[in-house]
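1. Sequence first, then the predicted structure, then my questions.
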Amino acid sequence: MRIITDIHEMQDDSLAARRQGKTIAFVPTMGYLHEGHFSLLQEGRRRGDRLVLSIFVNPAQFGAGEDFDSYPRDLTRDQEVARRAGVDIIFAPEAKEMYPRGYATYVDVEGLTDTLCGRSRPGHFRGVTTVVCKLFTVVQPHLALFGCKDFQQLAVIRRMTTDLNLPVEIVGMPIVREADGLAMSSRNVYLSPLERQQALALPDSLRLAAAMVRDGEGWAEPILTAVRARLTQEPDAVIDYAQVCHGETLQEMDAITADSVLLLAVRVGKTRLIDNSYLRGD
């Protein structure tokens, strides 16, 4: 396993691999890897001749007052996870490499970014799409793997890839959960033991909503009323959003169909958590 920090070295290496007919699988991350990331790497290892992992805490996707400076970082620990997954190359550039002096070009996906996390985190997705587009240009992957926990991010990246005719297959991978149901996230480390227990209101709410649909509820509003009631039982939980949206367009839905996804963003103490699940109505 090699660690590359230079953009041109990474790009030259990938172009050489492509000339040799090798399939490049790519997992872009901000590091502090967990078993969710590991599942992406495992699938990438299965599908690619060369597996590239990027670790880059992207300043362009953090807003004022967000946790860029405190975002957990541990490259040594990440290398151990990468070796266990069979990663060939870790691409770990510095911010000054990705955004040199005078940098002025950004990628902005309209429509899909106006709701959910895009509404509460202005500019966030512009930072995400810009860095992912740059990483695709540098790493030159045939396929890139993303977790479905960041549901809106996955939809936005798919839209960007389609609109810009980028020759990259976007692979969405299932959410990986802790034994108690909490979706794995690098930010879970921020939670105190009490907050960690309260955070279980998110998966509890998803299960509650799914049960209501199985019992015949066909409308979003009663489900959202029950979900909000469950979430607000926790003293440290503050709802950012709880919405039922179409899985592709992210438009809010009134009736439950097979395309309906329940999406949640909740602050538990100072930690912002997201989660989602399809409701699978008829």
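-> Now that the structure is in, tell me what you want to look at.
2. helix/strand/coil for Arg101?
-> Three-state call for Arg101 (DSSP: H, G, I helix; E, B strand; the rest coil): coil.
3. And it, how close does it get to Arg47?
-> Arg101 sits 38 Å away from Arg47, taking CB to CB, to the nearest Å as the criterion. Placement of C-beta: from N, CA and C, glycine included.
4. Of those two, which one has the most company?
-> Taking other CB atoms under 10 Å, Arg101 and Arg47 do not tie; Arg47 has more neighbours (15 against 5).
5. Quick check: the more buried one touching Ala25?
-> Yes: Arg47 is within contact range of Ala25, at 5.3 Å (criterion: CB atoms under 8 Å).
6. where do the contact lists of those two overlap?
-> Applying CB atoms under 8 Å, 6 or more residues apart in numbering, one finds that Arg47 and Ala25 are jointly contacted by Leu143.
7. what helices or strands is the helix or strand of the chain with the lowest mean pLDDT leaning on?
-> One helix or strand of the chain scores below all others by mean pLDDT, DSSP states H and E: helix 117-120, with a mean of 95. If contacts are counted by 3 or more CB pairs under 8 Å, 6 or more residues apart in numbering; DSSP states H and E, helix 117-120 sits against helix 124-139, helix 151-163, strand 237-246.
8. Would you mind giving these as TSV with distance to Glu43 and mean pLDDT added?
-> Shown next, in TSV, are the helices and strands packed on helix 117-120 (distance: least, CB to CB, whole Å; pLDDT from 0 to 100):
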stretch	distance to Glu43	mean pLDDT
helix 124-139	17	98
helix 151-163	14	98
strand 237-246	26	98
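9. Save these as TSV, and put in mean neighbour count and distance to Gly65 too.
-> TSV is the format used below for the helices and strands packed on helix 117-120 (neighbours: other CB atoms under 10 Å; distance: least, CB to CB, whole Å):
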stretch	mean neighbour count	distance to Gly65
helix 124-139	22	13
helix 151-163	20	20
strand 237-246	18	14
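10. Which one of these lies nearest to Glu169?
-> Glu169 lies closest to helix 151-163 among these, at 8.7 Å (CB to CB).
11. what angle separates that closest one from helix 124-139?
-> Following axes from the mean of the first three to the mean of the last three CA atoms, to 10 degrees, one obtains 50 degrees for the angle between helix 151-163 and helix 124-139.
12. Let me know the next secondary structure element after helix 151-163.
-> Scanning forward in sequence from helix 151-163 by DSSP states H and E, the next helix or strand is strand 169-173.
13. Next up, the contacts around the most centrally placed residue in the chain.
-> Centroid-nearest residue in the chain: Asp150, 3.4 Å away (criterion: CA atoms, centre = their mean). Going by CB under 8 Å, 6+ apart, Asp150 touches Ile274.
14. And for Asp74?
-> Gly31, Tyr32.
15. for the nearest residue to Leu15 once chain neighbours are set aside, phi and psi?
-> Leaving aside its sequence neighbours, Leu15 sits nearest to Gln140 (CB to CB, 6 or more residues apart in numbering; 6.1 Å). Backbone torsions of Gln140, given as degrees, to the nearest 10, read phi 60, psi 50.
16. And the pLDDT for Gln140?
-> You'll see Gln140 listed with a pLDDT of 98.
17. count of neighbours near it?
-> Around Gln140 there are 21 residues (other CB under 10 Å).
18. My read is that it contacts Asp12, right?
-> No: judged on CB under 8 Å, Gln140 makes no contact with Asp12 at a distance of 9.9 Å.
19. pLDDT below threshold where in the stretch 151-282 of the chain?
-> Across the stretch 151-282 of the chain, the ranges flagged by pLDDT under 70 are 281-282.
20. Strands of that one, residue ranges please.
-> 169-173, 237-246, 260-268, 271-278 (DSSP state E, counting those that start in this stretch).
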